[in-house]
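[1] Please find the sequence and the predicted model below.
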Amino acid sequence: MELDLGTKEIPRSAVAPRFLHSNSSSHSWAFGAIAELIDNARDPDVGAKNFYIGVEDCSFGAALTFLDDGNGASPEVLHKMLSFGYCDKDQYVDGPLPIGHYGNGFKSGSMRLGKDALVFSKALGSSGGVATHSVGMLSQTYLDAIQSSEVLCPMVSWAEAAMGETPAGGVASLAVILEHSPFKSMREVKRMFSRIRRSGTLIVVYNLRMEGPQPELDFSQKDDIRIRRFSGEDPGTQAVDFKKRPQRAGVAKKDSMPLEFSLREYCTVLYLEPRMKIIIRGIKVQHRLVEHSLSRTSFDYYTPRSANQEDADRVRITFGKSTSKDSQSYGMLIYHRGRLIQPYLRVGVQLSGMNPEAVGVVGIVDANFLQPTHNKQDFQRTKAYQLCIAALESRLKTYCSLLLGNESFQGNDDETTLPDVLWAQCDSCLKWRRLPDSVAKNSLPKKWYCYMNPVSKYSICTAEEESYEIEPMESLSTVRNRQRREEREKKARDVRLEEERAKRMRANSQLAKVKLEVAERLAEQGGASSGKRKRHPGEGTTPDAKRPRTVEVPAGSDHSGKGKVPSVQPKRSVGGGEEVEMAGITARELRRMMKKVAKVVASAWKLDKEWIAPLRKVEFWQQLKVDDLIREQEEIMAKELDEKDKLLAEADAKVKGLQEMLKRKEGAESETPHVATGGSQGTEPVRKQIQSLYMSLVLMEST
């Protein structure tokens, strides 16, 4: 016999009314509670395209309304929605992942905003089913009034055709709703259903939370909803109320950002890829494609490692400079399943707030591998979270060192930094379109449609979205290697430039030296031509010596003899003291002149080898600048060669003069016998001088 384990007699767990308030206290921030209701409309089980947030007056004061055009809720789904812990969203694995998965978002969010909430929903019948209209109430005021010991949720449903008739089995619930809600008749209930078009859900939250004598939320801005303690309406209470705001690491409490007190600003970055229009008090929120709204954008990858995720897929981390006018809107935007969890969390070099490299840098990551807390305003402090923050810190440092360097970015007080690419979302198909650079951001209308796109390929709603790849960020090791390589190349270029500079200096120095030597040589030549030297009396002559070349004696000479030549001295005493005028040059002077000419020629060839020849090898773009210098150097060399030829000609003429003098002296000695011996003895040194001069002349000509 099988044991019957029936559960009818087992006691059920009850939920006390106080739990509604304690459960809502997980939301320390009012906008976090509103985000829970927006998430429910965006999730794939509802699939809303439009979400309206409004403020209305009722018998209980101001009330918040939240309307979507999604699939609506059937009576069974509405009952689970009013209960705790029921969630069937995990079955949606295709397309965008659902955000909610605790089954607690509506209860915690609505009870955080006010004490009571009414839910009106239209649902189309699935698979030929009947369309339904349902209304349910979750009210702390009602439970306190009847002093209930557990949570009761009055709920009424009608078939669409029977709307307005007395519901079967729901009379008591309808009576409670009409008595304890702002809607006192069926006519008012029908009016609320009429605001839902074909299908969808309308949530009305009333008995809003108060802070002192005023509501927590500020409705003075006609196009926005703000938190009063941040909006500046009551400055005297800010010092006390600031302690309730969510604290961001590294940020002083007095430095608030617009998204902390403005619901409109918060909704602009609430989703990584917005696919649902959010309309606040009749005006659409201008969503941003967050990853593509930055400037100087780059990305890197991070592979999470934890005990439970050894083979996790790598995650992309996008970095860029903020384009917001607010100087405090920077830090890490950490998402989970495309929904913002931690806004502008500052890490690493951003914590001090004094590092100019990191000020204004925004990092974006969709961390699906992390587990958010129940209020979806933070992550559980697990090892995976700590490793993720460490990865953000290291990659932020890399981004700052690579792309920003020492450039300071202190916000945009005077002008707005433009994003790398401008995107616009169509109000009809909700697709994002990339606009050309010629389109100005300020020129976009509040409602933009695909047909306004200048790019014809994407000017219709049926066209697919254009993909846009962000430039990847290099790893730190790759960048360091590239920087070292660039430094080596720079040093090599500097060495080459220094060598070329030294060559130019040496060439200029050599050129100046050549000019100086030429000037000195010309000066010495002038002095040697005008100088006269007397021959000492009694200088004898030497015997004849075979001369290497023919020496002609000038006509009219009084000397004759065999191989007898006079001395090379400018003046000499012959015979009885007669003084004869000789050529004005000596062998020593001629050799010195020859050495200088040889040195000038060698300097010119060295200049050609070290300066002119390398200049001929430079690139074509440098040739025009070098041509003038080459021509100048060639002209200098031509002048040097001309000077050499001139000196050789002068030396040859002087030798010929000496030869002629020699002939005349020999003729004179032949006619004077009494001095023959002395003449023979005195002509031997002269013969050696002539021979030495002749050899020097031959050597100079060969050079």
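    Structure received.

[2] Strands along the stretch 251-400 of the chain, start to end?
    Secondary structure of the stretch 251-400 of the chain by DSSP state E, counting those that start in this stretch: the strands cover 277-280, 283-284, 295-302, 315-321, 331-336, 339-345, 361-366.

[3] which residues touch the last one?
    In this case it means strand 361-366. With contact meaning Cβ atoms under 8 Å, 6 or more residues apart in numbering, strand 361-366 is reached by 272, 290-291, 294, 302, 315-322, 329-338, 344, 347, 350, 388, 392, 395-396, 399-400, 404, 409. C-betas here are computed from N, CA, C, even on glycine.

[4] circling back to that earlier point, can you convert the strands of the stretch 251-400 of the chain into TSV and add a column each for mean neighbour count and mean pLDDT?
    Output for the strands of the stretch 251-400 of the chain, formatted as TSV (neighbours: other Cβ atoms under 10 Å; pLDDT from 0 to 100):
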stretch	mean neighbour count	mean pLDDT
strand 277-280	18	95
strand 283-284	14	92
strand 295-302	19	85
strand 315-321	22	89
strand 331-336	24	94
strand 339-345	22	93
strand 361-366	24	93
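
[5] Now these in TSV, please, with extra columns for distance to Arg504.
    Formatted as TSV, the strands of the stretch 251-400 of the chain follow (distance: least, Cβ to Cβ, whole Å):
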stretch	distance to Arg504
strand 277-280	70
strand 283-284	69
strand 295-302	42
strand 315-321	45
strand 331-336	55
strand 339-345	58
strand 361-366	47
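
[6] Between these, which one is closest to Gly61.
    Closest to Gly61 of these is strand 277-280 (Cβ to Cβ; 19.7 Å).

[7] Within the sheet, what are the partner strands of the closest one, with directions?
    Strand 277-280 has its sheet partners listed here by DSSP bridges as strand 50-58 (parallel), strand 283-284 (antiparallel).

[8] so Ile38 is in which element?
    Under the criterion of DSSP states H and E, Ile38 resides in helix 30-42.

[9] nope, Asp494 is what I meant
    Asp494 is located in helix 476-530, with elements delineated by DSSP H and E.

[10] what does the helix or strand hosting Leu78 rub up against?
    In the assignment (DSSP H and E), Leu78 maps to helix 75-82. Here helix 75-82 makes contact (Cβ under 8 Å, 6+ apart) with 73, 86, 88, 103, 106-107, 119, 121, 123, 132, 134, 136, 138, 153, 155, 157.

[11] mean confidence score for it?
    Averaging pLDDT along helix 75-82 yields 90.

[12] What values do phi and psi take at Phe84?
    Here is the backbone geometry of Phe84 (degrees, to the nearest 10): phi -110, psi 130.

[13] Determine which of the strands of the stretch 251-400 of the chain approaches Val514 most closely.
    Closest approach to Val514 among the strands of the stretch 251-400 of the chain (Cβ to Cβ): strand 295-302, 57.5 Å.

[14] Check the model's average confidence along the helix holding Asp494 for me.
    In this model, helix 476-530 has a mean pLDDT of 76.

[15] What angle do strand 295-302 and that helix make with each other?
    Calculated by axes from the mean of the first three to the mean of the last three Cα atoms, to 10 degrees, helix 476-530 forms an angle of 120 degrees with strand 295-302.

[16] Which elements pack onto helix 476-530?
    In this structure, helix 476-530 packs against helix 383-399, helix 587-607, helix 620-670, with contacts taken as 3 or more Cβ pairs under 8 Å, 6 or more residues apart in numbering; DSSP states H and E.

[17] circling back: adding distance to Glu36 as columns, could you present the strands paired with strand 277-280 in CSV?
    As requested, these are arranged in CSV below (distance: least, Cβ to Cβ, whole Å):
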stretch, distance to Glu36
strand 50-58, 13
strand 283-284, 21
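
[18] Of those, give the one that comes closest to Thr382.
    Counting by Cβ to Cβ, Thr382 lies closest to strand 50-58 out of the strands paired with strand 277-280; the figure is 32.0 Å.

[19] Would you mind pulling the contact partners of that closest one?
    By Cβ under 8 Å, 6+ apart, strand 50-58 touches 34, 38, 41-42, 62-69, 182, 204, 206, 219, 225, 263, 276-282.

[20] List the neighbouring strands of the helix or strand just after that strand plus their orientation.
    Elements were assigned by DSSP H and E; along the chain past strand 50-58, the next helix or strand is strand 61-68. Strand 61-68 has the following strand partners under DSSP bridges: strand 50-58 (antiparallel), strand 200-208 (antiparallel).

[21] Could I get the buried residue list for strand 61-68?
    Buried residues in strand 61-68, defined by neighbour count with 16 or more other Cβ atoms under 10 Å: Ala62, Ala63, Leu64, Thr65, Phe66, Leu67, Asp68.

[22] Repeat that for stretch 185-203.
    Buried residues in stretch 185-203 (16+ other Cβ under 10 Å): Val189, Met192, Phe193, Ile196, Ser199, Gly200, Thr201, Leu202, Ile203.

[23] Let's have the residues you listed in CSV, adding pLDDT and distance to Arg434.
    Formatted as CSV, those follow (pLDDT from 0 to 100; distance: Cβ to Cβ, whole Å):
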residue, pLDDT, distance to Arg434
Val189, 91, 46
Met192, 93, 41
Phe193, 92, 41
Ile196, 93, 35
Ser199, 92, 33
Gly200, 94, 32
Thr201, 95, 34
Leu202, 96, 36
Ile203, 96, 36
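
[24] Of these, which pair is most distant in space?
    Counting by Cβ to Cβ, the most remote pair of these is Val189 and Ser199, 17.4 Å apart.

[25] Report the secondary structure state of Gly169.
    coil (DSSP: H, G, I helix; E, B strand; the rest coil).

[26] okay, now it: neighbour count?
    By the measure other Cβ atoms under 10 Å, the count of residues near Gly169 is 8.

[27] And the contacts of helix 75-82, which is the shakiest by pLDDT?
    Within these, pLDDT reaches its minimum at Asp88, with 74.

[28] thinking it is in contact with Val46, fair?
    No: Asp88 is not in contact with Val46 according to Cβ atoms under 8 Å; the separation is 11.8 Å.

[29] just the strands in the stretch 101-250 of the chain please.
    Applying DSSP E, counting those that start in this stretch to the stretch 101-250 of the chain gives strands spanning 114-123, 132-139, 155-159, 200-208, 210-211, 214-215, 217-218, 226-227.

[30] Including distance to Trp29, could those strands go into CSV?
    Putting these into CSV (distance: least, Cβ to Cβ, whole Å) gives the following:
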stretch, distance to Trp29
strand 114-123, 15
strand 132-139, 21
strand 155-159, 30
strand 200-208, 15
strand 210-211, 13
strand 214-215, 16
strand 217-218, 12
strand 226-227, 8
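
[31] Ok, which of those strands comes nearest Glu517?
    Closest of the strands of the stretch 101-250 of the chain to Glu517 is strand 226-227, at 90.8 Å (criterion: Cβ to Cβ).

[32] other SSEs contacting the closest one?
    Counting contacts by 3+ Cβ pairs under 8 Å, 6+ apart, strand 226-227 is packed against strand 217-218, helix 258-261.

[33] With respect to Leu444, which of those lies nearest?
    With Cβ to Cβ as the criterion, Leu444 lies closest to helix 258-261 of the helices and strands packed on strand 226-227, at 20.2 Å.
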